[in-house]
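>>> Below: sequence and its predicted model.
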Amino acid sequence: MVNYYSPLISRSQNNVSKNTTEARGPTSEHAQCTATELYLYRNPSERNGGVSLHLLLEVKLKDEHCESGRCWGSDGAAGILLPEVFPDIPLERQRYWFKETFDHLQALVESPEAPEAGVYLSSGYHVFKEVPADPKPYWSDYVFGFRFMTDREMKRFPNHKFGQAFTSIKCECPSYLPWLEKRFRESGGQIKCEKVTDLQQLIPHYDVIMNCSGVWSHQLVGDQGVYPVRGQILKLRATWLKNFIRDGDGKTYVYPGINYVTIGGTRQKDDWRLELDKGDSEMMMEHCSQLEPSLKKAQVLEEWVGLRPGRKNPRVEREWLQAQDRQVLLVHNYGHGGCGISLSWGSALDAVELVKKSLHEKPPHAKL
């Protein structure tokens, strides 16, 4: 149920062929994954009336990458917990989404599972060229040690006038997503790869459909409010860096990780391109080196591009699909933009509550 980048990715590594593009856009002829869905369904013959879970990966063309169950496109996401504010979602609901996510991941950080999951605390600076309208945002109540940066600290960033210092949580998505998949399978979940062009085709087989298709909800459910926000990043070898630095505009950031440093990025609205853009990479190196000059000596390990599911507000709501005498619950959970990791657990809990409430109101297999 976690909605990150839409699972469309392109990458280039320094030890592989440069022609490793796995997808090119919405009409690509290349093998690609186009949506990720989670379905709950009740199957009495198989589970004695219990609820089974299927994660269905919709693909246009199956390939070895998808067949393995590793169809995630978020493995390039920076994975830092640092949300935006959405205009039409009540602030208390946004607080709930972030707090539940932060608390859950903090418990994971403090557990023996943390190394395998790739989740850890990350401290750093959030700097602004102008003092923001809300210098102490709602999420400052939940991260650790939030404070305004001192004049001495700001001298490191002569082009910026204001800064925030705090400790958040970072998820290394190449580790975190497989760890989630492992938990899902160990809990009895099943993963299937197949093409879905119309949710109506699922009604005979499922009682509940959870739509987490990200940017592809534009095609799958006709949501004209969702759009791609192209993001390109670089992964560098710069082991000497320990603290993150993020420009307040969200377009320039340096996030040290376990095995590499992620720098970025781009926020290109309505841009479906999945080809790596040399100009973007050069721009990122230039801008990030202004924040952290030592990056000029760093080795580029990998280039990556993916599509965020942009939307004015995330869509976490329910509706009912009808086919003849059968109704099936459809719960949406997508459109988080660049906040997929930051709001993942909380919005998923919200979506699960919608499922529980709906199934209580209308038990599965009810005849109309």
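Sure thing, it's come through. Numbering: from 1, shown residues only.
>>> any residues touching the longest helix anywhere in the chain, and which ones?
The longest helix of the chain (DSSP state H) is helix 340-361. Outside helix 340-361, the residues that touch it by CB atoms under 8 Å, 6 or more residues apart in numbering are 1-5, 40, 74, 77, 79-83, 93-94, 96-101, 104-105, 171, 173, 207-208, 210, 308-309, 314, 316-318, 329, 331-333, 336. Backbone N, C-alpha and C define where each C-beta goes, glycine included.
>>> neighbours of residue 145, just the number please.
10 (other CB atoms under 10 Å).
>>> what lines up beside the helix or strand containing it in the sheet?
Residue 145 belongs to strand 144-148 when assigned by DSSP states H and E. Next to strand 144-148 in the sheet, as set by DSSP bridges, lie strand 162-171 (antiparallel).
>>> heading toward the C-terminus, what's the first helix or strand past the strand it pairs with?
helix 173-186.
>>> In strands only, show me the contacts of helix 340-361.
Among the contacts of helix 340-361, the ones falling in strands (DSSP state E) are 40, 171, 208, 210, 308-309, 316-318, 329, 331-333.
>>> Tell me the one among those residues nearest to residue 234.
The closest of those to residue 234 turns out to be residue 308 (CB to CB; 17.0 Å).
>>> just the helices in the stretch 151-300 of the chain please.
For the stretch 151-300 of the chain, helices defined by DSSP state H, counting those that start in this stretch occupy the ranges 151-154, 173-186, 217-220, 278-291.
>>> What subset of the contacts of helix 340-361 is buried?
Neighbour-count burial (16 or more other CB atoms under 10 Å) applied to the contacts of helix 340-361 gives 1-5, 40, 74, 77, 79-83, 94, 96-101, 104-105, 171, 173, 207-208, 210, 308-309, 314, 316, 329, 331-333, 336.
>>> picking that back up, widest-spaced pair of the ones in strands among the contacts of helix 340-361?
Of all pairs drawn from those, the greatest distance, 29.4 Å, lies between 171 and 329 (CB to CB).
>>> ok, back up a step: tell me which of the helices of the stretch 151-300 of the chain sits most buried.
By mean neighbour count, with neighbours taken as mean count of other CB atoms under 10 Å, helix 217-220 ranks first of the helices of the stretch 151-300 of the chain at a mean of 20.
>>> ranges for the strands of the stretch 1-150 of the chain?
Taking DSSP state E, counting those that start in this stretch, the strands of the stretch 1-150 of the chain run over residues 6-13, 32-42, 51-61, 119-128, 144-148.
>>> Could you tell me the least trusted of those strands?
Across these, strand 32-42 has the smallest mean pLDDT, namely a mean of 41.
>>> Can you check the pLDDT for residue 282?
Taking residue 282 on its own, its pLDDT is 97.
>>> isn't residue 130 right up against residue 162?
Yes - Residue 130 is within contact range of residue 162, at 7.2 Å (criterion: CB atoms under 8 Å).
>>> Pick out whichever of the two has more residues nearby.
Neighbour count, other CB under 10 Å: between residue 130 and residue 162, residue 162 has more, with 17 against 9.
>>> Tell me the bridge partners for that one.
Counting by DSSP bridges, residue 162 is bridged to residue 128.
>>> In contact with it, which residues?
Here residue 162 is in contact with 127-128, 130-132, 135, 148-149, 154 (CB under 8 Å, 6+ apart).
>>> Select the helix or strand of the chain having the lowest average pLDDT value.
Lowest mean confidence among the helices and strands of the chain (mean pLDDT, DSSP states H and E): helix 44-47, at a mean of 37.
>>> which stretches of this protein have low pLDDT?
Scanning the chain for pLDDT under 70 picks out 1-73, 365-368.
>>> 80 instead?
For the chain, the stretches flagged by pLDDT under 80 are 1-76, 364-368.
>>> Of the helices of the stretch 151-300 of the chain, which is nearest residue 255?
Of the helices of the stretch 151-300 of the chain, nearest to residue 255 by CB to CB is helix 278-291, at 10.2 Å.
>>> what's that closest one packed up against?
strand 227-237, strand 244-247, strand 253-256, strand 261-264 (3 or more CB pairs under 8 Å, 6 or more residues apart in numbering; DSSP states H and E).
>>> can you give me the angle that helix makes with strand 227-237?
Helix 278-291 and strand 227-237 are oriented at 60 degrees to each other (axes from the mean of the first three to the mean of the last three CA atoms, to 10 degrees).
>>> Single out the most deeply packed of the helices and strands packed on helix 278-291.
Most buried of those, by mean neighbour count (mean count of other CB under 10 Å): strand 261-264, with a mean of 26.
>>> Pull up the pairing partners for it, direction included.
Sheet partners assigned to strand 261-264 using DSSP bridges are listed as strand 227-237 (antiparallel), strand 253-256 (antiparallel).
>>> Need the helices and strands packed on helix 278-291 in TSV (columns: distance to residue 297).
Below are those laid out as TSV (distance: least, CB to CB, whole Å):
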stretch	distance to residue 297
strand 227-237	10
strand 244-247	16
strand 253-256	14
strand 261-264	12
